[in-house]
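Peer 1: predicted model follows, preceded by the sequence.
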Amino acid sequence: MQDTTIVAIATPPGNSGVGIVRISGSKALRIAEKLTRKELASRVATLCKILDDTALAIYFKAPHSFTGEDIVEFQCHGGWLLLNKVVETAIKHGAVAATAGEFSRRAFLNGKISLDQAESIIEIINAESDAHLKYATRGISEQIKTFEKSLAEISAQIEAGIEYPEENLDEIPNYRHAIQKLTNEINTLLDTASTGEIIANGVNVTVAGKPNVGKSSIFNAL
């Protein structure tokens, strides 16, 4: 766990009905109870007052939280000035402002998410099309776990073959077949990288041609 307790607004800039401020770290509960002047139970939504605003405070006790640390989330009214005041007050009580992506970074460092899951979070947030959203949630980590399991099984079979050659000689050709099959599956996944890049970032296209041949119609259809 990190020694520093971080705080940030977890909802987009602007005014809305509800805004969320998130605190994560070893001092999260202590800071939250100072702000709310209430004792907070784990995974219980507690009605409270923060800066004279009626809010809900939810405490997630470590390690059962997104970051793996103690987390408290305040669900306040979504005025941007109010949310910033809540952050400022938390900082006065010992928190520090989180850097961009720091909650996800801590979740990764504490083993709560894999690196590709952390990247997927960013893709999901930035998705601007159904294809992009589907790409962002495609679950590469599960495929990687499958590859790891297959490699472990192949390794175990080879080691057994070395230790007991008289019992496993007939299975040696299967090792090469299994390794080749796994290699093909990994290469197939790697081949999707360029497609994913196009889905996520798009491509620059020029629609060119003589006047009145349908350029605008094609553009509008796209």
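Peer 2: Arrived safely.
Peer 1: and the protein, what are its domains?
Peer 2: Annotated domains of the chain cover 6-109, 139-198 [automatic domain parsing].
Peer 1: tell me which of those sits most buried.
Peer 2: Greatest average neighbour count among the domains of the chain goes to domain 6-109 (a mean of 18), per mean count of other Cβ atoms under 10 Å. (Glycine included, C-beta is placed from N, CA and C.)
Peer 1: quick one: terminal-to-terminal distance for that one?
Peer 2: End-to-end distance of domain 6-109 (Cα to Cα, to the nearest Å): 15 Å.
Peer 1: which residues in this structure form helices?
Peer 2: In the chain, the helices defined using DSSP state H lie at 28-36, 80-92, 102-109, 115-126, 130-136, 140-163, 165-168, 172-190, 192-201, 215-221.
Peer 1: now render those as CSV, adding mean pLDDT and distance to residue 68.
Peer 2: Below are the helices of the chain laid out as CSV (pLDDT from 0 to 100; distance: least, Cβ to Cβ, whole Å):
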stretch, mean pLDDT, distance to residue 68
helix 28-36, 97, 12
helix 80-92, 96, 20
helix 102-109, 93, 6
helix 115-126, 77, 13
helix 130-136, 69, 23
helix 140-163, 80, 17
helix 165-168, 63, 42
helix 172-190, 80, 28
helix 192-201, 71, 28
helix 215-221, 89, 48
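Peer 1: a markdown table please, covering the domains of the chain and showing distance to residue 215.
Peer 2: Shown next, in a markdown table, are these (distance: least, Cβ to Cβ, whole Å):
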| stretch | distance to residue 215 |
| --- | --- |
| domain 6-109 | 36 |
| domain 139-198 | 22 |
